[in-house]
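Undergrad: return atomic coordinates for the entry below.
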Amino acid sequence: MTTTDAVVIGSGPNGLVAANLLVDAGWSVVVLEEQSTPGGAVRSDSSVAPGYVHDTFSSFYPLAAGSPTIRGLRLEEHGLEWVQAPSVVGHSFPEGRWGVLHRDRGDTAAGLDAQAPGDGDAWLALCDTWDRVGDDVIRCLLNPFPPVRGGAGLARRVLRPGGLELLREMIMPARTLTERLFTGDAARMLIAGNAAHADISLESPGSAAMGMLLVLLGQTVGFPVPRGGAGEFSGAMVRRLESKGGEVVLGERAEGVRVDGGRAVAVRTASREISVGRAVLADVSAPALYGGLVPWDDLPTRLRHRMGRFEWDPSTVKVDWALDGKVPWENAPEEEPGTVHIGDSLDDMTLTGGQIAAGLVPERPFMLVGQMGVADRTRVPEGGEALWAYTHVPQQVRGDAAVGSEGVREVRGTWDEGDLDAMAERMEERIESRAPGFRDRITARRVLGPQELESMDGNLHRGAINGGTANLQQQLVFRPVAGSGRPETPVKGLYLASASAHPGGGVHGACGANAARAALWHDRTRNLWRRR
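TA: Residues are numbered from 1 along each chain as shown. Down below sits the predicted model:
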């Protein structure tokens, strides 16, 4: 039997952050990963076309760049190099109009003011407020709940001019906030488009927080990518871990956690049992942990009842393309953005969100697009582009909002080859409408639907990418169930370290860091009690 201080189940960014913090504390750590490649949803490959590197899942990492924990790992010493596109985000409107988030806030403000006088000053005022309180907001969002240390710093600053107002704005619906602050579509859609990275509707409280967080991080740290592919980010964390004595085991799936006397004492795989002296940290979804890795017999009945109300975020369809030239955007910005959002208006985004909530595949999906060659030329052949786009679809499809539209193939929700082809065509049409001639530049294509995404990363249940809904009823003390908000579980020595835990989805490492710190604290108090 193998024995170690800690087993981390899953080598996604949360699992690798947790493992690194534990080895820093002198623990022996084994990371179990069922896939043949580490990284979870932070991976890359060249399977779309030779010479093109596509990120399999996530691509741009403003939350990682803004995370004190990830910065503290000093991954640049282990081979990680961040690079940036010329501009951060572009929102593509019909008829060739653009809203652009530049690296320099003055350039962003000038572009917004040119379209709607006054919006530039409003943008700069928002940035100035973020300069005063942004670091404490990040600490509050990423630390365990309640955020005592970050909250104390924020409390001191919110009494200064603009502090309370910023907090009020962040809990607003995104539509209310953008219509209150700005008069032009460009500024409004930059925030609304980034808010759509989560699954909170533009009319729901809290949706402004995600939009403001991402655009203000974009304005301060940008939307960086790892040179050479997302896998280089994960690779740097693995190299750091192994340099300090940690072990990553690939292709070995954790099949269960053995509980003895209310404490997690071992992790079972198909071939062995690993005895655990201190802690098990599970970078798996809450439904995979509770009633999965840990049988319900070892858990409180009330938890089983509460998990019955756990809500997933919507599913995802992602398409990767290899292009033999740049995307021929109409009136393309002079400084090319790495990330492009495609949506016609706030009303159009509201309609799309309502269709998904009603179980309908959107007729005109809101899309997030990544131009990886723009951000990192090492990923593509000379003159080529590695492009991707993803959009959300319902977890349970009840119908297709496009039924009856001329020339549009129906998507039934089975997500077989026919459905994936039909959805990819719909997404390509959206890009073609903004970039005439786009389809002529496609040399290869890969379509990843809900089933493919889950098969490549078990945490992406039916293509859900955020570990559960980000709506307020499943955030803070309600994540993953009411009464939670912290990584501890009802089993001693077992910690939830995935995006199903507070603060939720995004590549920030906070869920893993919070679990590691909780494990270290409980181990210290346990040893202190024994000595006494």
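
Undergrad: do me a favour and average the pLDDT over stretch 83-91.
TA: Per-residue pLDDT over stretch 83-91 has a mean of 98.

Undergrad: and that stretch, how far apart are its ends?
TA: Criterion Cα to Cα, to the nearest Å; first-to-last residue distance in stretch 83-91 is 21 Å.

Undergrad: quick one: contacts of it?
TA: For stretch 83-91, the external contacting residues (Cβ atoms under 8 Å, 6 or more residues apart in numbering) are 98-103, 186, 189-190, 193-194, 215, 218-219, 222-227, 333, 335-341, 343, 371, 374-376. Where you see a C-beta, it was placed from the backbone N, CA and C, and this is true even at glycine.

Undergrad: what do you get for stretch 448-462?
TA: For stretch 448-462, contacts defined as Cβ under 8 Å, 6+ apart pick out 10, 12, 34-35, 40-41, 56-57, 283-285, 287-288, 312, 315-320, 393, 395, 415, 419-420, 423, 463, 465, 467, 498-499.

Undergrad: ok, 6 Å please
TA: By Cβ atoms under 6 Å, 6 or more residues apart in numbering, the residues outside stretch 448-462 that reach it are G40, A41, S285, W312, S315, V317, K318, Q395, W415, L420, G463.

Undergrad: on that earlier part again, list the ones among the contacts of stretch 83-91 that fall in helices.
TA: Taking DSSP state H as the definition of helices, the contacts of stretch 83-91 contribute A186, M189, L190, G193, N194, V215, G218, Q219, V374, A375.

Undergrad: ok, now which ones touch the last one?
TA: Which is A375. Residues in contact with A375, defined by Cβ under 6 Å, 6+ apart, are A85, V225, G338.

Undergrad: same deal with the second one?
TA: Counting by Cβ under 6 Å, 6+ apart, M189 touches H91, G99.

Undergrad: follow-up on the earlier one: mind putting the contacts of stretch 448-462 into JSON lines with neighbour count?
TA: Shown next, in JSON lines, are these (neighbours: other Cβ atoms under 10 Å):
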{"residue": "G40", "neighbour count": "29"}
{"residue": "A41", "neighbour count": "23"}
{"residue": "S285", "neighbour count": "25"}
{"residue": "W312", "neighbour count": "20"}
{"residue": "S315", "neighbour count": "27"}
{"residue": "V317", "neighbour count": "27"}
{"residue": "K318", "neighbour count": "25"}
{"residue": "Q395", "neighbour count": "19"}
{"residue": "W415", "neighbour count": "22"}
{"residue": "L420", "neighbour count": "21"}
{"residue": "G463", "neighbour count": "24"}
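
Undergrad: from the residues you listed, which is closest to R258?
TA: Nearest to R258 among the contacts of stretch 448-462 is S285, at 20.2 Å by Cβ to Cβ.

Undergrad: residues contacting that closest one?
TA: Here S285 is in contact with N459, G467, S498, S500 (Cβ under 6 Å, 6+ apart).

Undergrad: change it to 10 Å
TA: 10, 292, 310, 312, 458-461, 464, 467-468, 480, 496, 498-501 (Cβ atoms under 10 Å, 6 or more residues apart in numbering).

Undergrad: the closest residue to R309 other than its chain neighbours and I431, how far apart?
TA: Leaving aside its chain neighbours, R309 sits nearest to V481 (7.3 Å; criterion: Cβ to Cβ, 6 or more residues apart in numbering). Distance from V481 to I431, counting by Cβ to Cβ, to the nearest Å: 40 Å.

Undergrad: equivalent analysis for S67, please.
TA: On the measure of Cβ to Cβ, S67 and I431 end up 31 Å apart.

Undergrad: got the phi and psi for Q84?
TA: phi -130, psi 150 (degrees, to the nearest 10).

Undergrad: pull up the distance across stretch 454-463, start to finish.
TA: 6 Å.

Undergrad: next, the buried residues of it.
TA: Neighbour-count burial for stretch 454-463 flags E454, M456, D457, G458, N459, L460, H461, R462, G463 (criterion: 16 or more other Cβ atoms under 10 Å).

Undergrad: repeat that for stretch 378-392.
TA: The neighbour-count check on stretch 378-392 (16+ other Cβ under 10 Å) flags R379, V380, G384, E385, A386, L387, W388, A389, Y390, T391, H392 as buried.

Undergrad: pretty sure the fourth one sits against D320.
TA: No. Proximity of E385 to D320 does not meet the contact threshold set by Cβ atoms under 10 Å, at 11.1 Å.
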